[in-house]
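Peer 1: Using only what follows, build the 3D model:
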Amino acid sequence: MPAPKSAGEGGFSIVEMIVAVALFVVVMLVSVTALLALVDANRKARSLESVMNNLNIAIDGMVRSMRMGSEYHCDADVPSITDVRGCLNNPASSVSFLKYGGTVDTSTDHWIYAFDSDGSLCGANRLCKSENGGQNYYALTAPEIVINEAYFYVMGVQPGDEFQPKIVIILKGVAGSGKARTSSTFSIQATAVQRVLDI
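Peer 2: I've put the predicted structure just below:
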């Protein structure tokens, strides 16, 4: 016959075990949920960063090309490609300039940057570029970047105005509206000043 247990030698009861396991499960569920939320937030942040990097590269390329170019004018559909004119009071949705080393009389030496609001050039709400005087356009920005407004101001292009030619670019839109499942609005301004002195 086994010896009777004393009061201090008792083990866990089944109720205590169930309560302990339930608390452990609740704590683990909360911890795993928080961990998964952090992983998802990190993935979204990386996707948004990638989209914003695309936008920054597109703008940097535009500004660099414009700085090296000359013969700025607003709008790609001017009557004459050599008709240089500014648009300080009425911003344009596109801008054209003579590429570095190009010839004024050769229309394919004029590059054009344009905002495509209706999808007729390279995709709706995207920035487009033409390297052959407007014959063909290709998209500069990723589909995850939705540009709602784009303005080009051209100034200092009139002969004898004593100002160095420059182009001011203003872009407003939303980045990361596609697969990233998160979005961020942006409003960016960039300025390209012609390197060749014209004052």
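Peer 1: rest of the way, CA atoms for contacts and neighbours
Peer 2: OK.
Peer 1: and the spatially most central residue of the chain, what is it in contact with?
Peer 2: Centroid-nearest residue in the chain, with C-alpha atoms, centre = their mean: Leu55, separated by 3.1 Å. Counting by C-alpha atoms under 8 Å, 6 or more residues apart in numbering, Leu55 touches 141-142, 145.
Peer 1: Confirm it sits in a helix?
Peer 2: Yes. Assessed by DSSP: H, G, I helix; E, B strand; the rest coil, Leu55 belongs to a helix.
Peer 1: low-scoring stretches of this protein, by residue?
Peer 2: Within the chain, the stretches with pLDDT under 70 are 1-10, 76-86, 177-181, 199.
Peer 1: how about the helices in it?
Peer 2: When secondary structure is read from DSSP state H, the chain shows helices at 14-68.
Peer 1: how about the strands in it?
Peer 2: In the chain, the strands defined using DSSP state E lie at 70-74, 94-98, 110-116, 126-130, 138-139, 145-155, 166-175, 184-193.
Peer 1: Distance of the residue nearest to the centre of the chain relative to Pro91?
Peer 2: Per C-alpha to C-alpha, to the nearest Å, Leu55 is found 21 Å from Pro91.
Peer 1: With Gly61 instead?
Peer 2: Where Pro91 is concerned, Gly61 sits at a distance of 21 Å (C-alpha to C-alpha).
Peer 1: quick one, which of these two is more surrounded?
Peer 2: Pro91 (19 against 13; other C-alpha atoms under 10 Å).
Peer 1: show me what contacts that one?
Peer 2: For Pro91, the contact set (C-alpha under 8 Å, 6+ apart) comprises 74, 151-154.
Peer 1: Dump those residues into CSV; add neighbour count and distance to Gln194 as well.
Peer 2: Formatted as CSV, the entries for the contacts of Pro91 read as follows, by neighbours: other C-alpha atoms under 10 Å; distance: C-alpha to C-alpha, whole Å:
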residue, neighbour count, distance to Gln194
Cys74, 27, 15
Tyr151, 19, 18
Phe152, 28, 15
Tyr153, 22, 14
Val154, 27, 11
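Peer 1: What is the nearest of the residues you listed to Val15?
Peer 2: Nearest to Val15 out of those is Tyr151 (C-alpha to C-alpha; 71.0 Å).
Peer 1: residue contacts, that closest one?
Peer 2: When contacts are taken as C-alpha under 8 Å, 6+ apart, Tyr151 is in contact with 91-94, 169-171.
Peer 1: In this model Ala124 seems to touch Ala139, though I could be wrong.
Peer 2: No. At 9.8 Å, Ala139 and Ala124 do not qualify as touching, with contact defined as C-alpha atoms under 8 Å.
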